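Chemist: Structure of the sequence below:
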Amino acid sequence: SRWPVDSGRVGVVGGSHGGFLTGHLLGQHPDRFKAGVMRNPVCNIALMVGMTDITDWCYVEVLGSEAGMKRGGAVPTPEDLAAMWAASPIAHVSKVKAPMTIMLGAKDRRVPPPDGLAYASALRAAGVPVRVLVFPEDTHALDRPQTEYEQWVNVTAVMKEHLAA
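Modeler: Got it, this is the predicted structure:
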């Protein structure tokens, strides 16, 4: 292979849309990753669309730029909600195997905490080890100095625990 990788020591970390991608990777490729960390992740677009300050993003992510911009802000139809759910990591949660840490800003209006909390509940129900860290004074960015420190210390600890040689 071009880049030698120890397949038993691969983890994934992502925030916001990167958390969305992390959820998809862990659900669609459950045997490739040994640990995951999601920071304010988009887990269920169908849930998020009713709570977020960026409803247009929900439509664009699922329907594409042109159709999504036309629909953005509208009340979602049952078909919209089904498409949003199918395009979300929650659709693959039953296949996740890797331990997961989810970090949430309690004051996040972009990806409100119930989205990540519902995903954590689904992981627990599937028997996947999950840890949730909620930062009570943070919004979507998780960028308060103490939070920056705590989240990256925790990311390091998770990866060290699950990816150690």
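Chemist: switch to C-alpha atoms for all contacts and neighbour counts from now on
Modeler: Will do.
Chemist: Quick one: residues contacting the residue most central in space within the chain.
Modeler: The chain has Pro41 as the residue nearest its centroid, 3.0 Å off, counting by Cα atoms, centre = their mean. Taking Cα atoms under 8 Å, 6 or more residues apart in numbering as the contact definition, Pro41 lies against Gly14, Gly15, Ser16, His17, Gly18, Gly19, Phe20, Ile102, Leu104, Val111, Asp115, Gly116.
Chemist: now Arg39
Modeler: Arg39 touches Val13, Gly14, Gly15, Ser16, Gly19, Ile102, Met103, Leu104, counting by Cα under 8 Å, 6+ apart.
Chemist: switch the cut-off to 6 Å
Modeler: Gly15, Gly19, Ile102, Met103 (Cα atoms under 6 Å, 6 or more residues apart in numbering).
Chemist: Need the per-residue pLDDT for the nearest residue to the second one once chain neighbours are set aside.
Modeler: The spatially closest residue to Gly19, leaving aside those adjacent along the chain, is Pro41, at 4.2 Å (Cα to Cα, 6 or more residues apart in numbering). According to the per-residue confidence, Pro41 scores 98 in pLDDT.
Chemist: Also His24?
Modeler: So His24 comes in at 98 (pLDDT).
Chemist: Repeat that for Gly73.
Modeler: pLDDT at Gly73 comes out at 74.
Chemist: same thing with the one 3 residues further on?
Modeler: At Pro76, the pLDDT value in this model is 93.
Chemist: Assign it to helix, strand or coil.
Modeler: Following DSSP: H, G, I helix; E, B strand; the rest coil, Pro76 is assigned to coil.
Chemist: Can you tell me how far it is from Tyr59?
Modeler: 9 Å (Cα to Cα, to the nearest Å).
Chemist: out of the two, which sits in the busier spot?
Modeler: Tyr59 (28 against 17; other Cα atoms under 10 Å).
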